[in-house]
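> From the sequence below, what's the structure:
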Amino acid sequence: MHQQIIARFMTALEQPNVQHEQIQRNTLRDSHDLGSPLTFEAIQNGHGKFPYVIVRMFSGIYMQMPIHLVKEQIPKMKGIVVQTKEPGNKENDQFFIEVAANYKRHLDSKGKRKHRICLVLNPTSAYYFEEDQMQFSTSIPSGGTLVNSQQQVIAMNKPHFI
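Residues are numbered from 1 along each chain as shown. Now for the predicted structure:
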């Protein structure tokens, strides 16, 4: 899987596109500002909007899973889809902690390994899940290579939210 992500990352860098050209322009202007913000398509699919879960795939490579609260299931919706009576209610931390813990259990059983994940509620609130422990932090994940659930690069070396 790691090789697939690296291969897709390298392919994305080799393909001429607006994003790659923008990276080159930014590099010429400011050599300290390398990277690419969240893509328009990723934002349209719910990435970059609070709350979301970050899964550490490998060192420097993270997968973002948007959390969608819906009244009815929506076919082909990407991310963590939670059916609820109140889809607009995003104020209950405990509810999202349970959603993230369930998602981690699902990942761990599916992948047969312990995953490191982070529930990000806002720019200054996150819960890190490692092994069987959870810890609150005011520091949220940022930077690195951010991919979606299909291992497509959606941002590089930029904040994970809009």
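> Could you pull up the mean pLDDT of stretch 152-162?
In this model, stretch 152-162 has a mean pLDDT of 90.
> measure that stretch end to end?
Across its full length, stretch 152-162 reaches 18 Å between end residues, using C-alpha to C-alpha, to the nearest Å.
> what's it in contact with?
8-9, 12, 23, 34-39, 41-43, 47-50, 52, 54, 62, 64, 120, 123, 140-148 (C-beta atoms under 8 Å, 6 or more residues apart in numbering). No exception for glycine: its C-beta is placed from N, CA and C like everyone else's.
> switch to 6 Å and redo it
9, 12, 34-39, 42, 47-48, 64, 142-143, 145-148 (C-beta atoms under 6 Å, 6 or more residues apart in numbering).
> Then stretch 134-146?
Under C-beta under 6 Å, 6+ apart, the answer for stretch 134-146 is 54, 60-62, 64, 118, 120, 124, 126-128, 154-157, 159-160.
> Can you tell me which of the residues you listed end up in strands?
54, 61, 62, 64, 118, 120, 126, 127, 128, 154, 155, 156 (DSSP state E).
> how close does the last one sit to residue 35?
From residue 156 over to residue 35 the distance is 5 Å, taken as C-beta to C-beta, to the nearest Å.
> For the spatially most central residue of the chain, which residues are in contact?
Nearest to the mean C-alpha position of the chain, by C-alpha atoms, centre = their mean, lies residue 64 at 1.4 Å. Residue 64 makes contact with 47, 52, 54, 146, 160, according to C-beta under 6 Å, 6+ apart.
> And the pLDDT for it?
95.
> Okay, and the beta partners of it?
residue 54 (DSSP bridges).
> For the chain, which segments count as strands?
52-58, 61-70, 80-83, 116-122, 125-130, 133-137, 145-147, 153-156.
> Could you pull out the buried residues of the third one?
By neighbour count, and taking 16 or more other C-beta atoms under 10 Å as the criterion, the buried residues in strand 80-83 are 80, 82.
> Partner strands of it, with direction?
strand 61-70 (parallel).
> Check which residues of the strand it pairs with are buried.
Result for strand 61-70 [16+ other C-beta under 10 Å]: buried residues 61, 62, 63, 64, 65, 66, 67, 68, 69.
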